[in-house]
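[1] Fold the following, please.
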Amino acid sequence: MNTLLKSFQLTTLGACLTLALSAGVLSTTASAAEQSSNKTTAKSSEVRAAQASKITLKKAINIASKKASGTLVSAEFDDDDDKAKGGVYEIEFNTDTHNHEIKVDALTGKVIGTETERLDSGDIADFKTQKQAKINITKAMSIAEKNTNGRVMEIEFKNDRDYADHTSYYEVEVLKSNQIIELNVDANSGSVFNRVVKK
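    Residues are numbered from 1 along each chain as shown. A predicted model of the protein is given here:
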C-alpha cells in the first residue's frame, strides 16, 4: 500500500513538473514573439513618423544652427517626444567647454526646446578628436545618403575604438522607402562599413 502511494505521488509529481515546464516554454515563446512584434511596431512607427516629417534633418540642422554656437556633433530624429506629435530632431553642438542641444519640431520647423550643459573630460576628448577628423559630420551625411539613396535621420560621432580598422567614425541611420538602414562612415577616409537594415 505504501509503495503504491509513493508510486502515485511520484507519477503526480512528474506530471506536474512536465506541465510546469511546458507552460514555461510556451510562456517564453509567447514572450519572445511579443518582444519581436513590439520591435517591429516600434520600427514601423518610427518609419511612418519619419516619412511624414515635413522638415528634413538637414533643414532642422540649419534652423538649430541659428540658435546655438559651436560645431555640430550629433543629430537625431525622435518619433516619441511629448512636445511634438510628429516627431522632433534633437541636434547637438559643442564648443570647447559646453554642449548645446536644440530640439526642432519635425512637422513645423519650430524650435521647441534648448538645453546647455558643461562637457565632461570624456566628451572634451571626443570633441577634439572629431574636430581633427578629415570628414566632418555634414560630409559624412552626404556620403551616407549617396551610398543608400535615402535621407539621414540620425548621425553621431563615435570614438570608441570598437573597430580596429576604424578608430573614429560616424554612426548613421538612413530612411529609404520603408526601411531604416544603419551604416558607419569612417571619419578619416570616408569609407562606408558595417551597413545593415535595422531590425
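[2] can you map out the helices along this structure?
    Ranges of helices within the chain are 2-52, 57-65, 121-132, 137-148, based on DSSP state H.
[3] tell me which residues in the shortest one are buried?
    Of the residues in helix 57-65, 57, 60-61, 63-64 count as buried by neighbour count, 16 or more other C-beta atoms under 10 Å. Just so you know, the C-beta spots here come from the backbone N, C-alpha and C atoms, and that holds for glycine as well.
[4] Work out the gap between it and the centre of the chain.
    Taking C-alpha atoms, centre = their mean, to the nearest Å, one finds the center of helix 57-65 at 19 Å from the center of the full chain.
[5] Specify the angle between it and helix 137-148 in degrees.
    With axes from the mean of the first three to the mean of the last three C-alpha atoms, to 10 degrees defining the directions, helix 57-65 sits at 170 degrees from helix 137-148.
[6] mind exporting helix 57-65 as CSV, just the C-alpha atoms?
    Backbone C-alpha positions of helix 57-65 (Å, rounded to 0.1, in the frame of the first residue of the first chain) are rendered in CSV as follows:
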residue,chain,number,x,y,z
LEU,A,57,17.3,66.7,-40.9
LYS,A,58,19.5,69.0,-43.0
LYS,A,59,16.9,71.8,-42.8
ALA,A,60,16.5,71.2,-39.0
ILE,A,61,20.3,71.5,-38.6
ASN,A,62,20.2,74.8,-40.4
ILE,A,63,17.4,76.0,-38.2
ALA,A,64,19.1,74.9,-35.0
SER,A,65,22.5,76.4,-36.0
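[7] can you list contacts of that helix?
    When contacts are defined by C-beta atoms under 8 Å, 6 or more residues apart in numbering, helix 57-65 is touched by residues 55, 72, 75, 77, 89, 91, 93, 102, 104, 106, 109, 111, 138, 141, 151-155.
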